[in-house]
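**Q** Below are the sequence and a predicted model; questions follow.
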Amino acid sequence: QVQLVDTGGGLVQAGGSLRLSCAASGRAFSIFVMGWFRQAPGKEREFVAAISGGGSSTDYANSVKGRFTISRDNAKNTVYLQMNSLKPEDTAVYYCAAGHTSWGYRRLENQYDYWGQGTQVTVSS
């Protein structure tokens, strides 16, 4: 069993930055593909970014590419999402997720086994 705790959300002006963290309990953290998803009001949850178990591979949704950076520290059982140049359309609840899955399925929600509780990010214009 793995428990994930998302932190770091908040209110920021457009153009600002935030760093989200996701701390995982349990062992074998490095075997999991880690992802970040988000859900805006009235919309479905969508993929944001993913990172492979060892950290050598990353993937981003087109909407955040060049602005967001995902990273992980396996010694600390933590994954991060650095968000720069934030826009009002980035406003959403952000969730981290852990999946014991193949890298090829990294963008699929149903491939993730564990989810954080979510952290609210609000970007004002």
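**A** Received, thanks. Numbers count the residues shown, from 1 in each chain.
**Q** Run through the helices of this structure in chain order.
**A** Counting by DSSP state H, the chain has no helices at all.
**Q** what's the closest non-adjacent residue to the most centrally placed residue in it?
**A** Geometric centre of the chain, nearest residue: residue 36, 2.2 Å, by C-alpha atoms, centre = their mean. Counting by C-beta to C-beta, 6 or more residues apart in numbering, the nearest residue to residue 36 once its immediate chain neighbours are dropped is residue 48, at 4.3 Å. (Each C-beta comes from the backbone N, C-alpha and C, glycine too.)
**Q** Hmm, that neighbour is touching residue 34, no?
**A** No. Taking contacts as C-beta atoms under 8 Å, residue 48 lies outside contact range of residue 34: 11.4 Å.
**Q** Quick check: neighbours shared by the two?
**A** Overlap of the contact sets of residue 48 and residue 34 (by C-beta atoms under 8 Å, 6 or more residues apart in numbering) is empty.
**Q** Of these two, give the one with the bigger neighbour count.
**A** residue 34 (30 against 25; other C-beta atoms under 10 Å).
**Q** Walking through the protein, point out its strands one by one.
**A** Listed in chain order, the strands of the chain (DSSP state E) span 4-7, 10-13, 18-24, 33-39, 46-51, 58-60, 68-73, 78-83, 92-99, 114-115, 119-124.
**Q** Just the C-alphas of the third one, formatted as CSV.
**A** Output in CSV follows, covering the C-alpha atoms of strand 18-24 (Å, rounded to 0.1, in the frame of the first residue of the first chain):
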residue,chain,number,x,y,z
LEU,A,18,4.4,27.4,-7.5
ARG,A,19,6.1,24.1,-6.7
LEU,A,20,3.9,21.2,-5.8
SER,A,21,5.3,18.3,-3.8
CYS,A,22,3.9,14.8,-3.4
ALA,A,23,5.3,12.7,-0.6
ALA,A,24,4.9,8.9,-0.7
